[in-house]
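Engineer: Can you look at this prediction? I've put the sequence above it.
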Amino acid sequence: MQHHWYKKIKLRSLILSLGVLSILLTLASSYLAAYKVQRQLLIENTLESNRVYSAKLANVAATFVKTSLGHLGYSASMLTNNMDNRQRLTAEVERLHKQSGQFNSVVVVDKEGRIIASSPAVFAENNLTVSTPSASQSLNAKRPLVTDPFLSPAGNYLVSLSQPIFSEAGDYLGYISGSIYLEKQNILNFLLGSHDYKDGSYLYVVDRNRTIIYHPEASRVGELVSINDAVNTVTQGTHGATPIVNSKGIDMLAGFAPVELAGWGIVAQRPLTATLAPLNSHMKQVILQNSPLILLILLGVWLASTLISRPLWHLAKSTSPQDPTPRQHINVIRAWYFEAAQLKSAIIKSTELLNQRIQELYNDSQTDPMTGLLNRRGMQHVLEQYELNETPFAVMMCDLDHFKVINDTYGHDIGDQVIITFAALLKQLDVAGITLCRSGGEEFIVLIPHSTKAEACTHAQSLHAHLAQTSLPLNAPVTVSIGVAEWTGPTDTVHSVLKVADQALYKAKEQGRNTTVSA
Ligand SMILES: Nc1nc2c(ncn2[C@@H]2O[C@H](COP(=O)(O)OP(=O)(O)OP(=O)(O)O)[C@@H](O)[C@H]2O)c(=O)[nH]1
């Protein structure tokens, strides 16, 4: 099965993804937290400023109502004894209308509902009377009153502020009222409408029945406001602030305050989007200003992931089957932290052990275990080297004589002793570069580089002599027959020289053994 080690996720990618992910998550969560806190703060601030603003305007409106009722009350007291004096009545309504400028019109109505004096004069001149229930609010109240909006006999949509007129005896004589024409330029426009916001903020005024009596969009005057928390609360006489959805479905932050004397409620509101607009651009600014730092941190993570993963990456790469020289590569790896250093030293040690074991196995495969000399395979390797390097050499092919008899007479163990002793004698040959080989049971081959047959014969003679002098656990002497040959160059194969040596050995056996024959 092929090992797809390179297709697995890499440590560097893992560290990098982990680092980047945690940085982005941390940034995202802190931005989100900052955004939420700022958002809440902005909303609370806007609600509070709208609450304060509506309360301030409610104060202004209340002062206006109170002052106006005061002015009307004064006029009412002036008219107590003049209800039959048209000239006096007309003079008073004109004075009040023109002097104060608070009302669109001022009328005096007698107890039958007839307009007996008016400024402008047109209503009185036309003998208008108040007859509808809504127009008769002041007539019936017989007390200071701010009416609900109603359509006047002259066709004006208005609210009026009125004071009853009583005789000195306390009889009800009628009332004097100042009217505010809701659909025309009026005092409310002057008091409340001077704040022109470009961000969609506006304020409006409702009466106690949720009817709009002032709105920057004049067409909405007289409209019944749909139920919302701000209007509900303010019509119950309470001030405060709350988020609402306006009649067009837009989220608004509303502050509201009642004008108790008039039963009105003032609602100042600002679109939520307008409130949050600076926050969005603020957050964009924060992200923009932070981006170099974020990029720097990401660069740091990338660098750290590279530095951490590099030693492990190189270790992994150098242990892959594709690396032909893993040891050299492992040695130059800079394992700068504990785990990588441990891993590096473990890999180096295990590679060394493996190489050592391979060397041992190689040696075993080339060596005869009983004598420690090379076996045929080992000798083959040496011959190949000679042939490759064209090294001339001489061969001594040695075969112990009548070894079967030794085995049969003294036993196999003694036979082994003889073999080992003969190998020891060979090892004592003091010849440079000599190769000793046990090529068969009791057969040995000696290769002497840069040597001739004559020199080999000399070594063979000394071998005969040494063997004769060696004491062995046998009663009879042990002898050896030796065939000698030489290889002088590539005109022949190295194997042919072995054949020649073998033939020489055969001759030595034929000649009666314990002798050396040179080919
Ligand atoms: N003890 C022992 N005997 C071995 C070993 N290897 C081979 N032999 C024996 O060596 C003997 C070799 O006998 P032969 O090939 O007939 O040769 P020889 O008896 O030495 O006779 P010549 O070579 O003609 O002198 C056989 O009896 C083998 O069993 C070994 O490792 N130990």
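Structural biologist: Sure, I can see it.
Engineer: Now do the worst-scoring helix or strand of the chain on mean pLDDT: everything it contacts.
Structural biologist: Using mean pLDDT, DSSP states H and E, the weakest-scoring helix or strand in the chain turns out to be helix 326-332, at a mean of 79. With contacts defined as CB atoms under 8 Å, 6 or more residues apart in numbering, helix 326-332 is touched by His314, Leu315, Lys317, Ser318, Thr319, Asp323, Lys344, Ile347, Ile348, Thr351. Where you see a C-beta, it was placed from the backbone N, CA and C, and this is true even at glycine.
Engineer: Find the residue ranges of this structure scoring beneath the pLDDT cut-off.
Structural biologist: 1-7, 194-197, 323-326 (pLDDT under 70).
Engineer: Now find how far off-centre the helix or strand where Gly300 lies is within its chain.
Structural biologist: For Gly300, the element it lies in under DSSP states H and E is helix 272-318. Centre-to-centre, helix 272-318 and its host chain are 9 Å apart (CA atoms, centre = their mean, to the nearest Å).
Engineer: helices and strands around that helix, which ones?
Structural biologist: Under the contact criterion of 3 or more CB pairs under 8 Å, 6 or more residues apart in numbering; DSSP states H and E, helix 272-318 touches helix 11-79, strand 251-259, helix 326-332, helix 338-366.
Engineer: can you rerun that using 10 Å?
Structural biologist: helix 11-79, strand 240-245, strand 251-259, helix 326-332, helix 338-366 (3 or more CB pairs under 10 Å, 6 or more residues apart in numbering; DSSP states H and E).
Engineer: Can you tell me which of those is most buried?
Structural biologist: strand 251-259 (a mean of 25; mean count of other CB atoms under 10 Å).
Engineer: Each with direction, which strands does it pair with?
Structural biologist: strand 240-245 (antiparallel), strand 264-271 (antiparallel) (DSSP bridges).
Engineer: Quick one: residues contacting the closest residue to Lys344 other than its chain neighbours.
Structural biologist: Nearest residue to Lys344, sequence neighbours excluded (CB to CB, 6 or more residues apart in numbering): Ala335, at 4.2 Å. Applying CB atoms under 10 Å, 6 or more residues apart in numbering, we find Ala335 in contact with Arg310, Pro311, Leu312, His314, Leu315, Ala341, Gln342, Leu343, Lys344, Ser345, Ile347.
Engineer: do the same with Ala277
Structural biologist: For Ala277, the contact set (CB under 10 Å, 6+ apart) comprises Leu42, Asp199, Pro271.
Engineer: Distance of the first one relative to Ala230?
Structural biologist: In this structure, Leu42 and Ala230 are 19 Å apart, going by CB to CB, to the nearest Å.
Engineer: Enumerate the positions of stretch 418-428 that are buried.
Structural biologist: Of the residues in stretch 418-428, those with enough neighbours to count as buried (16 or more other CB atoms under 10 Å) are Val418, Ile419, Thr421, Phe422, Ala423, Leu425, Leu426.
Engineer: which bits of the protein sit near the ligand?
Structural biologist: Listed as neighbours of the ligand in the chain under the rule CB under 6 Å from any ligand atom: 399-404, 407, 412, 415-416, 419, 441-442, 509.
Engineer: quick revisit: closest one of the contacts of Ala277 to the ligand?
Structural biologist: Distance to the ligand across the contacts of Ala277 (CB to the nearest ligand atom) is lowest for Leu42, with 102.5 Å.
Engineer: Bridged to the residue lying closest to Phe103 once chain neighbours are set aside, which residues?
Structural biologist: Once flanking residues are discounted, Phe103 sits nearest to Gly178: 3.4 Å by CB to CB, 6+ apart. With DSSP bridges as the criterion, Gly178 is bridged to Val106, Leu161.
Engineer: so what's Gly178 up against?
Structural biologist: 68-69, 71-72, 75, 93, 96-97, 100, 102-107, 119, 158-163, 187.
Engineer: next one: Ser177
Structural biologist: By CB under 10 Å, 6+ apart, the contact set of Ser177 is 72, 76, 93, 103, 105-109, 115, 130, 137-139, 145-147, 158-164.
Engineer: With adjacent residues omitted, what lies nearest to Ile420?
Structural biologist: Distances taken as CB to CB, 6+ apart put Thr371 closest to Ile420, at 6.0 Å, once the chain neighbours are dropped.
Engineer: and Val480, which of the strands paired with strand 251-259 is closest to it?
Structural biologist: Proximity to Val480, assessed across the strands paired with strand 251-259 by CB to CB, is greatest for strand 240-245 (117.1 Å).
Engineer: and the angle from that closest one to helix 11-79?
Structural biologist: On the basis of axes from the mean of the first three to the mean of the last three CA atoms, to 10 degrees, strand 240-245 is oriented at 120 degrees to helix 11-79.
Engineer: returning to what we had before: and the least confident helix or strand of the chain, how far out from the chain's middle?
Structural biologist: 36 Å.
Engineer: Just list the residues touching the residue in the stretch 101-250 of the chain that the ligand sits nearest to, thanks.
Structural biologist: With CB to the nearest ligand atom as the measure, Pro243 is the residue of the stretch 101-250 of the chain nearest to the ligand, at 106.6 Å. Residues counted as contacts of Pro243 (CB under 10 Å, 6+ apart) are 43, 46-47, 228-230, 251-254, 269, 272, 275.
Engineer: Same question for Leu276.
Structural biologist: Tyr35, Gln38, Arg39, Leu42, Ile43, Thr46, Asp251, Leu253, His282, Met283.
Engineer: let's go with 7 Å and repeat that
Structural biologist: When the contact criterion is CB atoms under 7 Å, 6 or more residues apart in numbering, the partners of Leu276 are Arg39, Leu42.
Engineer: ok, it to Val418 distance?
Structural biologist: Counting by CB to CB, the separation of Leu276 from Val418 is 108 Å.
Engineer: Please apply the same query to Glu442.
Structural biologist: In terms of CB to CB, Glu442 sits 8 Å off from Val418.
Engineer: what touches both of these two?
Structural biologist: Leu400.
Engineer: Closest approach to the ligand from the stretch 251-400 of the chain, which residue is it?
Structural biologist: For the stretch 251-400 of the chain, CB to the nearest ligand atom, closest residue to the ligand: Asp399, 5.3 Å.
Engineer: helix or strand for that residue, which one?
Structural biologist: Applying DSSP H and E as the criterion places Asp399 in strand 393-400.
Engineer: list the contacts for Leu79?
Structural biologist: Leu89, Glu92, Val108, Ile165, Ile176.
Engineer: need the helices for the stretch 101-250 of the chain, in chain order.
Structural biologist: Secondary structure of the stretch 101-250 of the chain (DSSP state H, counting those that start in this stretch): helices at 122-125, 137-141, 187-192, 229-235.
Engineer: before we move on, what about the stretch 401-519 of the chain?
Structural biologist: Under DSSP H, counting those that start in this stretch, the stretch 401-519 of the chain gives helices at 403-410, 412-427, 453-469, 494-510.
Engineer: Of those helices, flag the one that's most buried.
Structural biologist: Of all the helices of the stretch 401-519 of the chain, helix 494-510 carries the top mean neighbour count, a mean of 18, counting by mean count of other CB under 10 Å.
Engineer: Return that one as CSV; C-alpha atoms alone will do.
Structural biologist: As requested, the backbone C-alpha atoms of helix 494-510 are provided in CSV (Å, rounded to 0.1, in the frame of the first residue of the first chain):
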residue,chain,number,x,y,z
VAL,A,494,38.9,-13.9,-12.2
HIS,A,495,36.8,-17.1,-12.1
SER,A,496,39.1,-18.9,-14.6
VAL,A,497,42.0,-18.4,-12.3
LEU,A,498,40.1,-20.2,-9.6
LYS,A,499,39.6,-23.1,-12.0
VAL,A,500,43.3,-23.1,-12.7
ALA,A,501,44.1,-23.1,-9.0
ASP,A,502,41.6,-26.0,-8.5
GLN,A,503,43.4,-28.0,-11.2
ALA,A,504,46.7,-27.4,-9.6
LEU,A,505,45.2,-28.5,-6.3
TYR,A,506,43.9,-31.7,-8.0
LYS,A,507,47.4,-32.3,-9.2
ALA,A,508,48.8,-31.9,-5.7
LYS,A,509,46.4,-34.5,-4.5
GLU,A,510,47.4,-36.8,-7.3
